[in-house]
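In: Any chance you could fold what I've pasted below:
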Amino acid sequence: MIVQGGNGVVSIGEREGGWFRGFGSLIRRKQVDSIHYREHPQLARKLSAVDLVGIGVGATIGAGVYILIGTVAREQAGPALVISLFIAGIAAALSALCYAELACRCPSAGSAYHYTYICIGEGVAWLVGWSLILEYTIGASAVARGITPNLALFFGGQDNLPSFLARHTLPGLGIVVDPCAAVLIILITFLLCLGIKESSTVQSTVTTINVSVMLFIIIVGGYLGFKTGWPGYELPSGYFPYGVNGMFSGSAIVFFSYIGFDSVTSTAEEVKNPQRDLPIGISTALAICCVLYMLVSAVIVGLVPYYALNPDTPISSAFSSYGMEWAVYIITTGAVTALFSSLLGSVLPQPRVFMAMARDGLLPSFFSDIHRSTQIPLKSTIVTGLFAAVLAFFMDVSQLAGMVSVGTLLAFTTVAVSVLIIRYVPPDEVPIPTSLLTSVDPLLTHSGDGIEEDVTISPVGLSSYSYNNDLHDKSDVLLEHPLIIKEETKEQRSEKSRRKLAAWTISLLCIGILIVTGSAAAERCPRLLRVTLFGVGVVILLCSIIVLACIKQDDTRHTFGHSGGFACPFVPFLPAACILINTYLLIDLGVATWLRVSVWLLIGLLIYLFYGRTHSSLLNAIYVPSARADEIHRTHANHLA
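Out: Presented below is the predicted three-dimensional model:
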């Protein structure tokens with residue numbers, strides 16, 4: 001219900017229910033940044049499409065290609081590793097296409113946290129942002145620790161590293177400290193403090209070296225393969241030694257080798273032309289990584305039978321088996337540069353997520369300060385860098401690596417849901433500070449701007465509708481002052497019904513996916529129960545997709561946020577497939593991983609309840625129709641001028 005009060009813009013609707021007192025903060029949504037509305041100082045726009053490709057490729061190609069392919073080939077896929085990588089690349093592309101649309105519409109810092117806050121609500125946005133912080137922190141620490149043994153190969157082994165870089169065990173505690181990992185993160189932090197353009201230049205340079213090494217592996221390995229007749233493919237077990245199921249299992253594992261393009265979207269506020277460059281950067285980086293992964297794996301599993309690959313150093317051992325010991329140094333250089341660029345890609349987004357959350361009041365404003373000279377979140381960069389350095393110094397986080405996937409998969413899932421929301425039920429109300437409405441109300445009343453002829457103006461005060469007012473006081477005001485409700489036209493009623501149907505269908509789609517993936521992963525449940533739940537979930541899922549495909553998408557989607565950018569194709573099918581894949585991978589992470597993550601989420605919940613909820617920038621906001629919001633901002637700007 002849209003209630004016309006004062007200047008005819010106050011929206012009350014379902015928010016007046018008693019339940020809103022406790023849970024309203026979880027569903028309040030912020031306004032999308034546009035060219036007309038920018039509440040905060042912006043970061044420097046210095047990045048081009050080439051810079052974004054360098055950031056995306058550098059953040060994506062890490063140690064996975066140098067280590068993971070050996071394990072997956074030996075235990076899951078065999079020679080079909082190439083197909084596993086291709087399937088995983090397609091699955092990653094689904095999320096990348098969803099990211100590309102939202103990054104164009106909402107080109108501000110914060111990536112998935114920012115999009116979720118605009119489309120879904122504050123509660124889920126906090127969950128995503130808090131999980132991303134965990135992902136980037138543990139990811140950076142794990143990568144930094146992984147560089148040390150690879151770097152030691154240039155010195156002839158761990159024992160030959162300089163003492164100030166070598167690992168040591170603290171007496172009496174049994175803790176293995178890694179000074180080299182901490183120094184590397186501090187070095188990365190210093191580099192990021194110089195500015196986004198400087199750090200992206202270094203990222204592109206290091207990534208170029210890494211890609212050159214991979215091209216060396218492909219060219220030289222391909223020559224050896226053609227010379228020897230590809231012995232890895234001449235096997236009695238055939239191309240699928242573990243069957244099709246093994247190939248798909250391998251895809252689920254190598255899927256995480258494609259994670260990294262979200263680092264590109266985290267820099268959206270620093271891109272010169274985000275509507276053009278962001279889709280190019282995301283798609284090009286993902287395509288380059290997929291092609292390189294497939295070519296390298298095709299060469300390696302062809303040079304050496306999959307069961308003879310060394311799971312720790314598959315590429316180096318493959319070349320060594322042909323007497324090319326000298327190639328090990330080139331491959332090690334590629335591994336070190338890949339880890340270094342991956343480390344940079346892990347540290348880069350974290351301060352920007354902190355900054356976005358601080359801008360919204362969910363974290364202290366300290367994290368949102370932007371340095372005048374470099375135009376980056378300097379304080380956030382220093383704090384997050386030092387924290388990651390301390391963690392890498394004292395703790396071996398390899399056993400926590402599974403926790404990294406939670407933040408990524410949660411982000412991928414909510415981004416896909418956000419695309420569905422923008423297409424079918426984009427937010428039609430935006431938050432306005434009560435103080436702004438109170439100051440603009442007399443101007444609108446006296447000028448008559450925006451007041452439609454058939455609307456009677458009520459003397460109800462706008463400040464009566466702020467969220468933090470007592471609900472009993474609101475009820476008294478509503479009884480004392482009759483509110484005049486504008487009569488809805490037939491088209492408005494039809495549009496309202498369409499939005500309600502779309503909202504319920506999207507909710508049922510998510511419920512159906514949860515039932516399908518949950519029953520598929522619940523191996524300990526009775527078979528009959530699993531099959532029954534799976535069938536029910538499939539029916540709900542298919543019906544939801546059919547309904548969404550049949551109903552009309554919202555007309556305002558064309559003007560939501562920044563227009564003219566990339567649009568995700570095959571909606572609702574592509575986002576639905578993205579949600580299904582990522583939800584299954586989330587559930588399949590295992591109980592041990594979720595127990596560890598729950599501790600971090602509990603800490604985040606306490607911080608939100610005792611700080612974020614009460615300091616949110618939307619705490620004293622009321623919601624008005626989007627058209628009225630533009631009118632209010634314009635009137636306020638004219639008055640100040």
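
In: Following the chain onward from the lowest-mean-pLDDT helix or strand in the chain, which element is next?
Out: Using mean pLDDT, DSSP states H and E, helix 471-480 stands out as the lowest-scoring helix or strand of the chain, at a mean of 42. The helix or strand immediately downstream of helix 471-480 is helix 490-521, counting by DSSP states H and E.

In: in that next one, what's buried?
Out: Buried residues in helix 490-521, counted by 16 or more other CB atoms under 10 Å: 495, 498-499, 502, 505-506, 508-510, 512-519, 521. (Each C-beta comes from the backbone N, C-alpha and C, glycine too.)

In: separation between Ala520 and His562?
Out: Look at Ala520 and His562: by CB to CB, to the nearest Å, they are 38 Å apart.

In: for Ser616, phi and psi?
Out: Per-residue torsions, Ser616: phi -60, psi 140 (degrees, to the nearest 10).

In: That one and Glu122 touch, don't they?
Out: Yes - taking contacts as CB atoms under 8 Å, Ser616 lies within contact range of Glu122: 6.5 Å.

In: Now do the shared contacts for those two.
Out: Contact criterion CB atoms under 8 Å, 6 or more residues apart in numbering; residues shared by Ser616 and Glu122: Ser25, Arg28, Asp360, Leu362.

In: between Ser616 and Glu122, which one's more packed in?
Out: Ranked by neighbour count (other CB atoms under 10 Å), Ser616 and Glu122 place Glu122 first, with 25 against 20.

In: quick one: contacts for Ile370?
Out: Ile370 makes contacts with Pro41, Leu43, Met355, Ile376, Pro377, Leu378, as judged by CB under 8 Å, 6+ apart.

In: Pick out the lowest-pLDDT one from those.
Out: Among these, Pro41 carries the weakest pLDDT, at 67.

In: Would you quantify the distance from Gly24 to Leu278?
Out: Counting by CB to CB, the gap from Gly24 to Leu278 is 33 Å.

In: Between those two, tell me which one has more neighbours.
Out: A direct count of neighbours by other CB under 10 Å for Gly24 and Leu278 places Leu278 higher, at 27 against 19.

In: what residues are up against that one?
Out: Taking CB under 8 Å, 6+ apart, we find Leu278 in contact with Leu52, Ala100, Ala103, Cys104, Pro107, Val264, Thr265, Ala268, Val271, Gly565, Phe566.

In: check which helix or strand covers it.
Out: Assigned by DSSP H and E, Leu278 falls within helix 274-303.

In: need the next SSE after that helix, C-terminal direction.
Out: Helix 274-303 is succeeded, C-terminally, by helix 314-320 (DSSP H and E).

In: and that following helix, how far out from the chain's middle?
Out: 35 Å (CA atoms, centre = their mean, to the nearest Å).

In: List the buried residues of the following helix or strand past it.
Out: Heading C-terminal from helix 314-320, the first helix or strand you meet, by DSSP H and E, is helix 327-347. By 16+ other CB under 10 Å, the buried positions in helix 327-347 come out as 327-328, 330-347.

In: So which residues make contact with the helix or strand following helix 327-347?
Out: For helix 327-347, the succeeding helix or strand toward the C-terminus, using DSSP H and E, is helix 349-359. Residues outside helix 349-359 that contact it (CB under 8 Å, 6+ apart) are 39-40, 108-111, 113-114, 126, 129, 132-133, 136-137, 140, 192, 262-263, 266-267, 269, 363-368, 370, 376-377, 380-381, 383-385, 388, 612, 617.

In: change it to 6 Å
Out: Here helix 349-359 makes contact (CB atoms under 6 Å, 6 or more residues apart in numbering) with 40, 109-110, 113-114, 129, 132, 136, 263, 266, 363, 365, 367-368, 377, 380-381, 384.

In: circling back: taking the contacts of Ile370 as a set, which two sit the farthest apart in space?
Out: Spatially, the most separated pair among those is Pro41 and Leu378, at 12.7 Å (CB to CB).

In: quick one: which of these two has more around it?
Out: Ranked by neighbour count (other CB under 10 Å), Pro41 and Leu378 place Leu378 first, with 18 against 11.

In: Could you check the pLDDT of the residue lying closest to that one once chain neighbours are set aside?
Out: Using CB to CB, 6 or more residues apart in numbering and skipping the chain neighbours, the partner closest in space to Leu378 is His371 (3.9 Å). With respect to pLDDT, His371 has a value of 90.

In: how about His371, phi and psi?
Out: With angles defined as degrees, to the nearest 10, His371 sits at phi -70, psi 140.

In: can you tell me how far it sits from Ala388?
Out: His371 is 20 Å from Ala388, by CB to CB.

In: In terms of packing, which of the two has more residues around it?
Out: Ala388 (28 against 15).

In: looking at this, that one is in a helix?
Out: Yes - assessed by DSSP: H, G, I helix; E, B strand; the rest coil, Ala388 belongs to a helix.

In: Looks like it contacts Ile186 (just checking).
Out: No - using CB atoms under 6 Å, Ala388 is not in contact with Ile186; the gap is 9.3 Å.

In: In the stretch 151-300 of the chain, what residue spans correspond to strands?
Out: For the stretch 151-300 of the chain, the strands defined by DSSP state E, counting those that start in this stretch occupy 168-169, 176-177.

In: winner for burial among these?
Out: Of all the strands of the stretch 151-300 of the chain, strand 176-177 has the most neighbours on average by mean count of other CB atoms under 10 Å, namely a mean of 16.

In: Quickly run through the sheet partners of that strand, with directions.
Out: strand 168-169 (antiparallel) (DSSP bridges).

In: Which helix or which strand is home to Tyr623?
Out: Per DSSP H and E: strand 621-625 holds Tyr623.

In: what is the mean pLDDT for that strand?
Out: In this model, strand 621-625 has an average pLDDT of 81.

In: Likewise for stretch 512-529?
Out: 89.

In: so how far does that stretch reach from one end to the other?
Out: This stretch, stretch 512-529, spans 16 Å end to end (CA to CA, to the nearest Å).

In: what sits against Phe366?
Out: Lys379.

In: buried stuff in stretch 588-602?
Out: Using 16+ other CB under 10 Å as the test for burial, stretch 588-602 gives Leu589, Thr593, Arg596, Val597, Trp600, Leu601.
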